[in-house]
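S.K.: sharing a model prediction with you, sequence too.
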Amino acid sequence: MKKKSLSLILLLLMVTTARAEQYLVDIPHLCVKLDKVSGSNVSFVTTDEKCQGGPSKIPVDFPAKVTQIEVTVDGKLFKKQQIFQSNFDTSIADVKARAEAFSNINPNAIESPAMIKAREAASQAYAATQTDEYKGKIQAYKDTLEKDIQAKLPEGFYTDTQKYTKKNQKEEKKGGVSLDAGDRIYIFISSSLPPSVVRTYAADLHKIAEPNAALYMRGVIGDISKLKPTFSYIASILRKDPQCDFTSTKCDMFGTEAIIDANVFRRYGIDRVPAVVYVRNVMSHDPEWSEGDLTNTKTSSPFVVYGDSSLAAALLEIQKEAKSPALEGVIEKLIGSGRYF
């Protein structure tokens with residue numbers, strides 16, 4: 001996740017009814033509104049409203065599927081955007097139905113003899129890699145290779161991630177990044193929470209300065225076609241001074257990312273807010289797509305804490321079970337070093 005002073009990533013939800021094709025369209029800033037859609041061309045006009053923030057995305061309905069769109073702003077070409085996710089409207093039930101139907105197909109009935117032979121050879125090759133003898137040879141080769149690499153590295157560097165974490169991460173925690181690349185801290189919020197509570201979370205995320213930690217909302221406020229209430233709310237909770245009027249002056253903002261993604265709510269079963277989730281081993285096929293999409297992202301089991309508590313208190317509770325050196329680094333940045341348990 002790239003850290004921005006004010007960032008909003010709108011990710012579409014899977015719906016169960018067919019409608020127009022909907023895509024996430026890149027826009028240069030938040031001060032635009034949709035003008036018209038014609039074929040694969042989408043036009044925006046700049047509004048007179050003052051706002052802050054850089055490039056973002058907005059969902060737009062198209063009359064038919066497209067693979068590339070042209071985005072214009074005030075009559076000028078902004079960019080040509082390639083569309084990779086061509087079907088956002090497939091429901092979960094439809095996916096399951098298609099999967100079940102496909103599973104009932106006899107592959108031998110549709111594959112050529114050459115394909116059947118290739119598949120059998122692949123299965124035999126995979127089985128050979130699962131034997132203890134093969135795994136032992138691979139491990140021996142890895143050990144030899146690691147020793148050879150280690151001998152060529154300067155003192156203090158390690159090829160083993162755990163060794164590096166234990167020996168060197170203490171220095172990184174002092175103002176640097178503590179979370180591993182696959183770690184995430186999700187703070188789930190909504191506009192129904194007291195603004196002071198959400199602003200405190202935003203301030204804590206700004207303090208720890210972890211690019212893999214962010215605020216998450218389930219959806220926009222009100223009608224999705226009218227985004228101003230959502231932008232205004234996010235801007236209000238990210239202002240360091242709650243009294244600063246960002247419509248007339250430049251306000252100092254927390255460097256905290258706010259993301260709208262109902263998929264992440266569903267993935268971790270979040271049914272009330274606020275909630276703090278810590279998860280490890282997040283691996284996404286497409287980093288630009290939703291981490292809540294089960295087909296795009298794999299993770300380990302999450303640690304979840306509900307309730308109106310500080311971020312430090314929630315992470316301390318999670319750390320009792322997680323026992324994560326990376327999470328310990330985040331906690332130290334919030335409340336200082338020491339024994340917590």
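M.R.: Arrived safely.
S.K.: check contacts around the most centrally placed residue in the chain.
M.R.: By C-alpha atoms, centre = their mean, the chain has its centre lying nearest to Glu291, at 4.4 Å. By C-beta atoms under 8 Å, 6 or more residues apart in numbering, Glu291 lies in contact with 184, 261, 263-264, 267, 282, 284, 297, 299. No exception for glycine: its C-beta is placed from N, CA and C like everyone else's.
S.K.: just say helix, strand or coil for it.
M.R.: Under DSSP: H, G, I helix; E, B strand; the rest coil, the three-state class of Glu291 is coil.
S.K.: next one: it from Val42, what distance?
M.R.: 26 Å (C-beta to C-beta, to the nearest Å).
S.K.: per-residue confidence for the residue located most distally from the centre of the chain?
M.R.: Centroid-distance maximum for the chain: Pro113 at 43.1 Å, with C-alpha atoms, centre = their mean. pLDDT, Pro113: 76.
S.K.: look up how far Glu120 lies from it.
M.R.: Separation of Pro113 from Glu120 (C-beta to C-beta) stands at 11 Å.
S.K.: and stretch 242-253, how far apart are its ends?
M.R.: End-to-end distance for stretch 242-253: 10 Å, by C-alpha to C-alpha, to the nearest Å.
S.K.: avg pLDDT for it?
M.R.: 84.
S.K.: so how far is that stretch off the chain centroid?
M.R.: From the chain centre to the centre of stretch 242-253 is a distance of 28 Å (C-alpha atoms, centre = their mean, to the nearest Å).
S.K.: and stretch 245-260, by the same measure?
M.R.: Centroid separation for stretch 245-260 versus its chain: 20 Å, with C-alpha atoms, centre = their mean.
S.K.: in that stretch, what's buried?
M.R.: 246, 251, 253-260 (16 or more other C-beta atoms under 10 Å).
S.K.: what do you get for stretch 71-79?
M.R.: 71-73, 78.
S.K.: and stretch 273-282, average pLDDT?
M.R.: On average, stretch 273-282 scores 96.
S.K.: go through that stretch and flag the buried ones.
M.R.: 273-280, 282.
S.K.: next, format those as JSON lines and append secondary structure.
M.R.: Formatted as JSON lines, those follow (three-state DSSP):
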{"residue": "Val273", "secondary structure": "coil"}
{"residue": "Pro274", "secondary structure": "coil"}
{"residue": "Ala275", "secondary structure": "strand"}
{"residue": "Val276", "secondary structure": "strand"}
{"residue": "Val277", "secondary structure": "strand"}
{"residue": "Tyr278", "secondary structure": "strand"}
{"residue": "Val279", "secondary structure": "strand"}
{"residue": "Arg280", "secondary structure": "coil"}
{"residue": "Val282", "secondary structure": "coil"}
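S.K.: which two among these are spaced furthest apart?
M.R.: Using C-beta to C-beta, the two most remote members of the buried residues of stretch 273-282 are Val273 and Arg280, lying 22.4 Å apart.
S.K.: who's in contact with Gly75?
M.R.: Contacts of Gly75 (C-beta under 8 Å, 6+ apart): Ser43.
S.K.: next one: it from Gln68, what distance?
M.R.: The gap separating Gly75 from Gln68 is 20 Å, by C-beta to C-beta.
S.K.: same thing with Ala122?
M.R.: Relative to Gln68, Ala122 is positioned 35 Å away (criterion: C-beta to C-beta).
S.K.: again with Ala258
M.R.: 29 Å.
S.K.: do Arg239 as well
M.R.: 38 Å.
S.K.: neighbour-wise, which of these two wins?
M.R.: Arg239 (21 against 9; other C-beta atoms under 10 Å).
S.K.: mean confidence for stretch 258-270?
M.R.: pLDDT averaged over stretch 258-270 gives 94.
S.K.: can you show me the strands along the protein?
M.R.: 8-10, 21-27, 32-38, 41-46, 56-62, 68-73, 76-82, 184-189, 213-217, 258-260, 275-279, 283-284, 297-298, 303-306 (DSSP state E).
S.K.: just the CA atoms of stretch 264-271, as PDB, please.
M.R.: The C-alpha coordinates for stretch 264-271 follow below in PDB (Å, rounded to 0.1, in the frame of the first residue of the first chain):
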ATOM      1  CA  VAL A 264     -11.800  -7.000   3.000                       C
ATOM      2  CA  PHE A 265     -14.700  -6.600   5.400                       C
ATOM      3  CA  ARG A 266     -16.200  -9.800   4.100                       C
ATOM      4  CA  ARG A 267     -12.900 -11.700   4.000                       C
ATOM      5  CA  TYR A 268     -12.300 -11.200   7.700                       C
ATOM      6  CA  GLY A 269     -15.900 -11.400   8.800                       C
ATOM      7  CA  ILE A 270     -16.000  -7.900  10.200                       C
ATOM      8  CA  ASP A 271     -19.600  -7.300  11.400                       C
END
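S.K.: got the buried residues for that stretch?
M.R.: In stretch 264-271, counting by 16+ other C-beta under 10 Å, buried: 264-268, 270.
S.K.: same question for stretch 305-324.
M.R.: Applying 16+ other C-beta under 10 Å to stretch 305-324 flags 305, 311-319, 322, 324 as buried.
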